[in-house]
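Enquirer: Quick one, what's the 3D model for this:
(chains A and B)
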Amino acid sequence: MSELSVNHLLGIKYLNKKDIQLIFETADHFKEVINRPIKKVPSLRDITIANLFFENSTRTKLSFELAEKRLSADVINFSASQSSVKKGETLIDTVNNILSMKVDMVVMRHPNPGAGVFLSQHVDASIINAGDGAHEHPTQALLDSYSIRERLGEVRGKNVVIVGDVLHSRVALSNIYALQLQGANVMVCGPKTLLPKYIKDLGVKVETNLRKALNWCDVANMLRVQNERMDISYFPSTREYTQQYGVNKALLNSLDKEITIMHPGPINRGVEITSDVADSDQAIILDQVQNGVAIRMAVIYLLASKIKH
Amino acid sequence: MSQKLLLNAKEVNIILHRLACQLIENHNDFSNTVLIGLQPRGKFLANRLAEMLKTHYKIKNIPLGHLDITFFRDDFRRGEKILEANTTKIDFIVENKNIVFIDDVLYTGRSIRAALTAIQSFGRPNEIELLTLIDRRFSRHLPIQPNYRGRQVDAINEEKVKVNWLENEGEDAVYLIYS
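Expert: Residues are numbered from 1 along each chain as shown, chains lettered A, B, ... in the order given. All right, here's what the predicted structure looks like:
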């Protein structure tokens, strides 16, 4: 019988190929469930999940909450901005206080890299990392790969380019791990200032010319420029960034083949991609959002099945 | 582990014809009836009965679906085994239909309880009946009985009833397996 090799989802780095396969197969079943007239199953009716968001999030939080509710779990939500964290409470204290209310699983987003790993070593609950700083965002990478698999049949052997602000992106790192694990070829493309210095050591191709990158790839995953994480100027102006690294319809039409466009959201329309690209048939941005719920249901279901009764 | 043959291919075939005729008796031309095989093992029986009704008894257009009950089971996290899901395929409306659930072996009745809950996700049927090839008597945990049964079997708890299908195991047969 197949089960996940891990008790927490802290990052793609800790998963193996079989885990990803199992998550995808389980997500297939949940995708069918969420397209039924009644989209709910009772599996997790005796599981309580706390969503701890120490950093802002719209779609990830909604997606997790929806996934949890579709599985009939009890859900409590916590955002740092309205809590005792502001009064000086430590992370472990905050979480232990929540766990003493009999919570089985914690979904956490935190601005510090490694927060999930740290927590998993100190508290007795299943932890899902919903993004830790610029480190990992495993469920986003899983839903990205799942969307590629859905669109192109398989991930193995596909050329995927991650374009834009790789330096500040947790989506990029998780995607690189996930894609490589499944046998895809990965390239990163962006201005040199937004590419980490040693990114080549991860075994990815590096390209600074967007047209060359797009001509090489089957899929382009367009990252958002994370202005909120930029303490200095990484490029002269947004206008110049768009000219060099923005994707528009004319550029797509001039390529040798039709490529698939992905975006983890939120989109800065007119910066990394134009509206006519975001709304075109080549973009699978809204499929990614729908698949996000199915993937998160699968992850929660598989981890919950390992919690001792 | 030893096993005893309960039904051979010929007996299975006779029973399938009887069950098909009983279905026709109650559902006439199947205009408002749908057959739903329960995953994983009930789908073989459902496929076989649907095929038989079509070819032998000339009944056209019988909607046939497969329902997976994994996410509706009452033993999640309670057993040693991880529950693995199967595909659900119901591409028709069940609202106001007469549904026949089809499974190979009726044992504790818990799968049927789960199926009764699961089917509600697809609408409110007019009525639901149950057809099973093997009915293990005296082992029910819930007040559930079949409307159509192939053969009643008295098997004690450690024993297992295994239904083999030509398309899956290479033969039509029913075995009682002792541990």
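Enquirer: Identify the residue of chain B closest to chain A, quick one.
Expert: residue B:71 (3.6 Å; CB to the nearest CB). For every residue, glycine as well, the C-beta is placed using N, CA and C.
Enquirer: so that residue sits in a strand?
Expert: No - according to DSSP: H, G, I helix; E, B strand; the rest coil, residue B:71 belongs to no strand; its state is helix.
Enquirer: Can you name the secondary structure element that comes next after the helix or strand residue A:250 falls within?
Expert: Per DSSP states H and E, residue A:250 falls inside helix A:249-253. Next helix or strand after helix A:249-253 toward the C-terminus (DSSP H and E): strand A:260-262.
Enquirer: what about that following strand, average pLDDT?
Expert: Mean per-residue pLDDT for strand A:260-262: 96.
Enquirer: Tell me where the model's unsure across the stretch 51-200 of chain A.
Expert: Residues of the stretch 51-200 of chain A meeting the criterion pLDDT under 70: A:82-86.
Enquirer: Apply 50 and report the result again.
Expert: Within the stretch 51-200 of chain A, no range satisfies pLDDT under 50.
Enquirer: Can you tell me which helices and strands the helix holding residue A:250 packs against?
Expert: helix A:210-216, helix A:275-278 (3 or more CB pairs under 8 Å, 6 or more residues apart in numbering or on different chains; DSSP states H and E).
Enquirer: what's the burial count for residue 68?
Expert: Defaulting to chain A. Close neighbours of residue A:68, defined as other CB atoms under 10 Å in any protein chain shown, add up to 24.
Enquirer: Not quite, go with chain B.
Expert: 23.
Enquirer: Walk me through which strands the helix or strand hosting residue A:52 pairs with, and which way each runs.
Expert: Per DSSP H and E, residue A:52 falls inside strand A:48-53. When pairing is defined by DSSP bridges, strand A:48-53 lines up against strand A:74-79 (parallel), strand A:105-110 (parallel).
Enquirer: can you pull the pLDDT of the residue nearest to the spatial centre of chain B?
Expert: Nearest residue to the geometric centre of chain B (CA atoms, centre = their mean): residue B:103, 1.1 Å. On the pLDDT scale, residue B:103 is placed at 96.
Enquirer: Helix, strand or coil: sort out it for me.
Expert: Residue B:103 is classified as strand under three-state DSSP.
Enquirer: Then residue A:289?
Expert: Classified using three-state DSSP, residue A:289 is helix.
Enquirer: still on that earlier bit, just put the helices and strands packed on helix A:249-253 in JSON lines and tack on distance to chain B and mean neighbour count.
Expert: As requested, these are exported to JSON lines (distance: least, CB to the nearest CB, whole Å; neighbours: other CB atoms under 10 Å in any protein chain shown):
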{"stretch": "helix A:210-216", "distance to chain B": "36", "mean neighbour count": "17"}
{"stretch": "helix A:275-278", "distance to chain B": "32", "mean neighbour count": "17"}
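Enquirer: JSON lines for those helices, including mean pLDDT?
Expert: Converted to JSON lines, these look like this (pLDDT from 0 to 100):
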{"stretch": "helix A:210-216", "mean pLDDT": "95"}
{"stretch": "helix A:275-278", "mean pLDDT": "94"}
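Enquirer: any idea how far the residue of the stretch 101-250 of chain A found nearest chain B is from residue B:129?
Expert: Per CB to the nearest CB, the residue of the stretch 101-250 of chain A with the smallest distance to chain B is residue A:104, at 10.0 Å. For residue A:104, the distance to residue B:129 equals 39 Å [CB to CB, to the nearest Å].
Enquirer: Can you pull the domain assignment for chain A?
Expert: Per automatic domain parsing, the structural domains of chain A span A:12-135+A:289-304, A:138-288.
Enquirer: In CSV: these, plus distance to residue B:53.
Expert: CSV is the format used below for these (distance: least, CB to CB, whole Å):
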stretch, distance to residue B:53
domain A:12-135+A:289-304, 26
domain A:138-288, 36
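Enquirer: Tell me which of those domains lies nearest to residue B:162.
Expert: Proximity to residue B:162 (CB to CB) singles out domain A:12-135+A:289-304 among these, at 25.4 Å.
Enquirer: CA atoms of stretch A:192-209 as CSV?
Expert: Extracted C-alpha coordinates of stretch A:192-209, given in CSV (Å, rounded to 0.1, in the frame of the first residue of the first chain):
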residue,chain,number,x,y,z
LYS,A,192,21.2,39.0,-13.5
THR,A,193,20.4,41.0,-10.4
LEU,A,194,17.3,38.8,-9.8
LEU,A,195,19.0,35.5,-10.4
PRO,A,196,20.8,34.0,-7.3
LYS,A,197,24.5,33.8,-7.7
TYR,A,198,24.9,30.0,-7.4
ILE,A,199,21.6,29.0,-9.0
LYS,A,200,23.6,26.9,-11.6
ASP,A,201,24.6,24.6,-8.8
LEU,A,202,21.0,23.4,-8.7
GLY,A,203,21.5,22.0,-12.2
VAL,A,204,19.4,24.5,-14.1
LYS,A,205,20.2,26.4,-17.3
VAL,A,206,20.6,30.1,-16.9
GLU,A,207,19.5,32.6,-19.6
THR,A,208,19.2,36.3,-19.6
ASN,A,209,17.6,36.7,-23.1
